[in-house]
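>>> turn this into a model:
(chains A and B)
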Amino acid sequence: MATVTNSPALRRKAVRTRLRTLGFLSPWLVGFTVFFGYPLVATVYFSFMHYNQIETPTFVGLRNWRYVFEQMPLFGPALWNTLWLVVVMVALRVVFGLGIGLLVTKVKSGVGFFRTAFYLPYLAPPVAATVAFVFLLNPGTGPVNDILGTIGISAPNWFNDPTWAKPSLVLLSLWGIGDLMVIFMAALLDVPKDQYEAADLDGAGAFHKFRYVTWPSITPIVMFAVVTGVVQTMQYYTQALVAGKLASGVSIGPGSVIQPGYPDHSTLTVPQLVYSLGFQNFNTGAACVLSLVLFAIAMAVTTLLMRRRAGLLSAED
Amino acid sequence: MTATTTLTAPSAPVRPRTRRSPAPAARRRAALHWIAVHTVAVATALFFLLPFVFVFLTAVMSDSQAMSGALWPTEWHWSNYAEVFRTPGFLDWWRNSLMYAVLGTLFTLCSSIPVAYALAKFRFRGRRTAMILVISTMMLPPQVIVVPMYLVWAQQFHLSGSLWPLIIPMAFGDAYSIFLLRQFLLTIPREYLESARVDGCGEFRTLLRIIVPMAKPGIAAVALFQFFYCWNDYFGPQIYAAQNPGAWTLSYGLESFKSAHSVNWNLTMAATLLVMAPVIIVFFFAQKAFVEGVTLTGVKG
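As a prediction, this is how the structure comes out:
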């Protein structure tokens, strides 16, 4: 704004403008430094330290890093589970969300009812939704297996079976599809109507209309859904933890140490491992190493997808 | 599985024929299309609503029936809800959840609105960098910085065992709220600000008198998101409040409720519904406020 100012009055005004900007930004400047910058630097620092949160930290070089990558038995499963969820959960959520969005835009009567019905589960607090699903899917008295049994389907043990625990979590995430439904619905309603009419005149079928009219127009929103989905799933914590704890039936109180990821570490995610190392084993160094691994993956994925998205956008223009 | 059926079924019957069809045939086709779409919609809606129905029905069953796997309650025990409220601590969890959500939302709004305003309307060097930093903060998993943050709150401020380590940072701007508010403020035309400036309004007064009233729908949306975020938060209370049951929130307490009543699915389901209820009620009220807000302000007019 104020580039070359000679008169003192103008310069004073420039200083005032800068101070005003700083004033408005100050809450965030403080917050960013104290609650983001500092802990990030401290995480790097602690990753090279041995620190049990009581004695003073001692420098141990790369020992924590070597421990996490070479010796820690749970690192492999946790990384695998997180990546599995990132791929499967995000893909299915985007496809399902798009499907529900399409369905709602096609419905003629009772639009309000259907929209509310599909949105409502998204509002359920994650812990409450997970408790509800653990009940619904519990093999002993759950209504789902009850009904499946009556119609002659031998149902899986869902949250109690290592191969079904993650798919059960995916099911839970599909129930809460409301957020994606809303953004896809808005995107679908934004597709220019005359393009559909033109396609009709050309005798295009439903598939062709979706492929050549709908899809190009909604690609940016799909990419947005993928990026935010990946970022959210990298942090996947609450549902996996609560489902594992409740399904295991272990009574847990504050401070009690249980093996996370029941059954068979199949629901153990990287964030759970960070918690378990840092707050149950008080192995600060290893927890910080894992934090940084999570940070690196999150940043890599975000930059990669952002670049892909930018590329797609410019290709369309 | 459901995804593929919803994807194809509604659009399948609309394939146009090569020749113009007579009116009755077209009408029959439209009717078939209507039936197909609505059948799929009703079936899918059932999948979304049945979990609520089962939870509700189980919540009013007797203890013994809740263990039996029955679907319909033989007797309706509404007193289960009263019993949940009588559980030691349950009312404290309510109070704590409300405190966290209300104070957290207020702090977030007070600190984030000026920042978002500056990022949207001021021209200054480093604005782009600031936006990139806000977005990266948004993308960062909270677990990345939690260990050192906890150590600061516990060792320097001795605030572990309370919700303050979660509430206080919200007085220093929340990246997601800043981002959303900025996007909303960008839609307010500059002329409004300039006319305020001509009238001799200072920047802060412009913000309070002109911007905040115009941005009400955006602010309401951000407030709602933040309220829900606090109400639903499990990770935060687990880190900072776990040691002190007196500071637990509903989201955190619900899980221990199940552990304490390990066989009483009926009570657990009643508690689950009580945790869901406020969020759903707030949503239904705020939904109306949104619509009103959007039509009332000059932004969209």
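>>> okay, CA-based contacts and neighbour counts for the rest of this
Will do.
>>> buried ones in stretch B:222-242?
B:222-224, B:226-242 (16 or more other Cα atoms under 10 Å in any protein chain shown).
>>> my bad, stretch A:149-165
Buried residues in stretch A:149-165, counting neighbours by 16+ other Cα under 10 Å, are found at A:156, A:157, A:158, A:159, A:160, A:161, A:162, A:163, A:164, A:165.
>>> against residue A:142, how distant is the third one?
Computed as Cα to Cα, to the nearest Å, the residue A:158 to residue A:142 distance reads 11 Å.
>>> what does the fourth one give?
Remark: distance between residue A:159 and residue A:142 (Cα to Cα) = 12 Å.
>>> quick one on the thing from earlier: the buried residues of stretch B:222-242: which ones sit near chain A?
B:231, B:232, B:234, B:235, B:239, B:242 (Cα under 8 Å from any Cα of the partner chain).
>>> skipping adjacent residues, who's closest to residue A:265 in space?
Nearest residue to residue A:265, sequence neighbours excluded (Cα to Cα, 6 or more residues apart in numbering or on different chains): residue A:77, at 6.8 Å.
>>> residues in contact with residue B:154?
Residues in contact with residue B:154 (Cα atoms under 8 Å, 6 or more residues apart in numbering or on different chains) are residue B:160.
>>> so where's the stretch 201-317 of chain A shaky on pLDDT?
Scanning the stretch 201-317 of chain A for pLDDT under 70 picks out A:250-258, A:305-317.
>>> try 90 this time
A:201-210, A:213, A:217-232, A:245-264, A:280-281, A:297-317 (pLDDT under 90).
>>> in terms of helices and strands, where is the closest residue to chain B within it?
Nearest to chain B, among the residues of the stretch 201-317 of chain A, is residue A:291, at 4.4 Å (Cα to the nearest Cα). Using DSSP states H and E, residue A:291 sits within helix A:284-316.
>>> near chain A, which residues of the stretch 101-250 of chain B? Just list them.
Residues of the stretch 101-250 of chain B found near chain A (Cα under 8 Å from any Cα) are B:111-112, B:114-115, B:117-118, B:122-124, B:137, B:139-149, B:151, B:169, B:171-174, B:231-232, B:234-235, B:239, B:242-243.
>>> of those residues, buried ones?
Applying 16+ other Cα under 10 Å to these flags B:111-112, B:114-115, B:117-118, B:122, B:137, B:139-149, B:151, B:169, B:171-174, B:231-232, B:234-235, B:239, B:242-243 as buried.
>>> coming back round to it: among the ones next to chain A among the buried residues of stretch B:222-242, which one lies nearest to chain A?
residue B:232 (5.0 Å).
>>> ok, now which ones touch the closest one?
Residues in contact with residue B:232, defined by Cα under 8 Å, 6+ apart, are A:125, A:126, A:127, B:251.
>>> next, see if the helix or strand hosting residue A:195 gets close to chain B.
Per DSSP H and E: residue A:195 is located in helix A:193-201. Yes - using Cα under 8 Å from any Cα, helix A:193-201 reaches chain B at residue A:200.
>>> return that helix as PDB; C-alpha atoms alone will do.
The C-alpha coordinates for helix A:193-201 follow below in PDB (Å, rounded to 0.1, in the frame of the first residue of the first chain):
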ATOM      1  CA  LYS A 193     -29.400 -27.000 -16.900                       C
ATOM      2  CA  ASP A 194     -29.000 -26.200 -20.600                       C
ATOM      3  CA  GLN A 195     -26.100 -28.600 -20.900                       C
ATOM      4  CA  TYR A 196     -28.500 -31.500 -19.900                       C
ATOM      5  CA  GLU A 197     -31.000 -30.300 -22.400                       C
ATOM      6  CA  ALA A 198     -28.300 -30.200 -25.100                       C
ATOM      7  CA  ALA A 199     -27.300 -33.700 -24.100                       C
ATOM      8  CA  ASP A 200     -31.000 -34.800 -24.300                       C
ATOM      9  CA  LEU A 201     -31.200 -33.500 -27.800                       C
END
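>>> what comes up buried for that helix?
Under the neighbour-count criterion of 16+ other Cα under 10 Å, helix A:193-201 has A:196, A:199 buried.
>>> is the helix or strand following that helix anywhere near chain B?
Downstream of helix A:193-201, the first helix or strand assigned by DSSP H and E is helix A:206-209. Yes - using Cα under 8 Å from any Cα, a contact is recorded between helix A:206-209 and chain B, made by residue A:206.
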